[in-house]
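K.L.:
One predicted model, sequence on top.
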Amino acid sequence: MRFSIVIPLKSDNAYIRETLAALKQVDYDDYEIIVLPDEPFDGWGKDVNAIATGAVGPGAKRDLALPHATGDILAFLDDDTYPDCNWLKNSVKYFNDPQIGAIGGPAVTPASDSLRQQASGNVYASFLGGGNYAYRYLPKETKAVDDYPTCNLLVRRTVFESIGGFDTTFWPGEDTKLCLDIVKRGLKIIYAPDVIVFHHRRPLFAGHLNQVRSYALHRGYFAKRFPQTSLRPSYFLPTFLVIGFGIGIIFSLFFPGFWFVYTVGMVAYVAAVFTSARASSRGFQLTLLTGLGIIATHLVYGVWFVAGLLSLRLSEESE
């Protein structure tokens, strides 16, 4: 089984250098590396097929890689990820089942990330931050999924060709469309906990929250556009929380006796947040940052999910 590793990016950077160095240590022989920068670049070595794409989105870049790929499996990475040495070897057994069209594995925060990056990763991996999707950031049990990020997603070439690739200008969200197209064909997407990559996080708070804002905006819009996988109660929970905060303040202004109930509720919420943060963190400083990050994530996601839900169109949407 041959793998074509596909990595879209804008230009050369320190992270892609780390990715390519890690790929040299992968315990598997039959693979190729395709890197897709905006502009031509030949500084990655002869074993890297660098294909200039112009300034297009990640989904379009991955589609442009297809004519150049020779593998049976298209293995998608982001340029700020790097694989575990057993990444490809461990994935082979899953593709022995012809009903499996794709597999996705956890994207673990590297131990080398800064404190604020670690906190960002802990938010996503915590029970109250990542919720039902914390398995995307830590190895959990194997299971079938229907939506998975492309930072660690491996797809059969024949399946990718049959659905026409990503065929979208959405970003983020291109992975949601691709996965939905796969499951619509009656194929499975399997979460494989031993197919691991390491994913550098955006640090708390600005970088992390800007990413959360983008995720929430698209997920809110996708709740209408792709309801099969995006119209789910779990995606609405942060919005319900924000609404609850607002209603609680209003009630307390008009009914002073409600302040006690509201205060108890807020204390319980904060206690639950920091309990969740402590479970995914080591040390006081990291726990504090993670807890504050969870609260900020809830607020930003809750507001921008509504913005996406009310949007008639996103700027990235194709005609």
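P.N.:
Arrived safely, thanks for sending.

K.L.:
so S276 sits in a strand?
P.N.:
No: the assignment for S276, made by DSSP: H, G, I helix; E, B strand; the rest coil, is helix rather than a strand.

K.L.:
Tell me, how many residues neighbour it?
P.N.:
By other Cβ atoms under 10 Å, the residues close to S276 number 23. In short, each C-beta sits where N, CA and C put it, glycine included.

K.L.:
what about the nearest residue to it once chain neighbours are set aside, how many neighbours?
P.N.:
Among residues not flanking S276 along the chain, L128 sits closest, at 4.0 Å (Cβ to Cβ, 6 or more residues apart in numbering). If you count neighbours by other Cβ under 10 Å, L128 ends up with 23.

K.L.:
Touching the strand or helix carrying L128 from outside, list them.
P.N.:
In the assignment (DSSP states H and E), L128 maps to helix 127-130. Outside of helix 127-130, the residues within contact range by Cβ atoms under 8 Å, 6 or more residues apart in numbering are 122-124, 134, 136-137, 272-273, 276-277, 279-280, 290, 293-294, 297.

K.L.:
ChimeraX command to pick out the buried ones of those residues?
P.N.:
For the buried members of the contacts of helix 127-130, the matching ChimeraX selection, counting by 16 or more other Cβ atoms under 10 Å, is:
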select :122,123,124,134,136,137,273,276,277,280,290,293,294,297
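
K.L.:
May I ask which two of the contacts of helix 127-130 are separated the most?
P.N.:
Using Cβ to Cβ, these span at most 21.4 Å, a distance reached by R136 and A272.

K.L.:
ok so, going back, so which elements touch the helix or strand following the helix holding L128?
P.N.:
Once helix 127-130 ends, the next helix or strand along the chain (criterion: DSSP H and E) is strand 143-145. Packing partners of strand 143-145 (3 or more Cβ pairs under 8 Å, 6 or more residues apart in numbering; DSSP states H and E): strand 188-191.

K.L.:
neighbouring strands for the strand it packs on, and are they parallel or not?
P.N.:
Here strand 188-191 has these sheet partners by DSSP bridges: strand 100-104 (parallel), strand 143-145 (antiparallel).

K.L.:
Just name the most buried of those strands.
P.N.:
strand 100-104 (a mean of 24; mean count of other Cβ atoms under 10 Å).

K.L.:
Show me what that strand is in contact with.
P.N.:
91, 94-95, 136, 145, 148-149, 152-156, 159, 179, 182, 185, 187-192, 195.

K.L.:
Among the residues you listed, name the buried ones.
P.N.:
91, 94-95, 136, 145, 148-149, 152-156, 159, 179, 182, 187-192, 195.

K.L.:
Return the distance of the residue nearest to S276 relative to G248.
P.N.:
Counting by Cβ to Cβ, to the nearest Å, the gap from L128 to G248 is 18 Å.

K.L.:
Buried by neighbour count: which residues of stretch 284-296 qualify?
P.N.:
By neighbour count, with 16+ other Cβ under 10 Å as the criterion, the buried positions of stretch 284-296 are 286-287, 289-296.

K.L.:
Can you list which of those are found in helices?
P.N.:
Using DSSP state H, the members of the buried residues of stretch 284-296 that fall in helices are 286-287, 289-296.

K.L.:
okay, those residues in CSV with distance to Q211 next?
P.N.:
Formatted as CSV, those follow (distance: Cβ to Cβ, whole Å):
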residue, distance to Q211
L286, 19
T287, 21
L289, 16
T290, 16
G291, 19
L292, 16
G293, 12
I294, 15
I295, 16
A296, 12
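
K.L.:
Do you know the pLDDT at the most centrally placed residue in the chain?
P.N.:
By Cα atoms, centre = their mean, the mean C-alpha position of the chain lies nearest to P149, the distance being 4.2 Å. Per-residue pLDDT puts P149 at 95.

K.L.:
For my notes, confirm it occurs in a helix.
P.N.:
No: applying three-state DSSP, one finds P149 to be coil, outside a helix.

K.L.:
contacting residues around it?
P.N.:
Taking Cβ under 8 Å, 6+ apart, one finds 104, 107, 136, 175 in contact with P149.

K.L.:
Setting aside sequence neighbours, what's the nearest residue to the first one?
P.N.:
What that stands for is G104. Y148 (3.6 Å).

K.L.:
Might one say that the one you found is in contact with K177?
P.N.:
No: using Cβ atoms under 8 Å, Y148 makes no contact with K177, being 12.0 Å away.

K.L.:
Please name whichever of the strands paired with strand 188-191 is nearest to A65.
P.N.:
Nearest of the strands paired with strand 188-191 (Cβ to Cβ): strand 100-104, 15.8 Å.

K.L.:
Could I get the average pLDDT for that closest one?
P.N.:
What strand 100-104 shows for mean pLDDT is 98.

K.L.:
swap in stretch 18-29?
P.N.:
Stretch 18-29 shows a mean pLDDT of 96.

K.L.:
Contacts for that stretch, please.
P.N.:
By Cβ under 8 Å, 6+ apart, the residues outside stretch 18-29 that reach it are 3, 5, 7, 31, 33, 35, 44-45, 48, 77, 79-83, 85-89.
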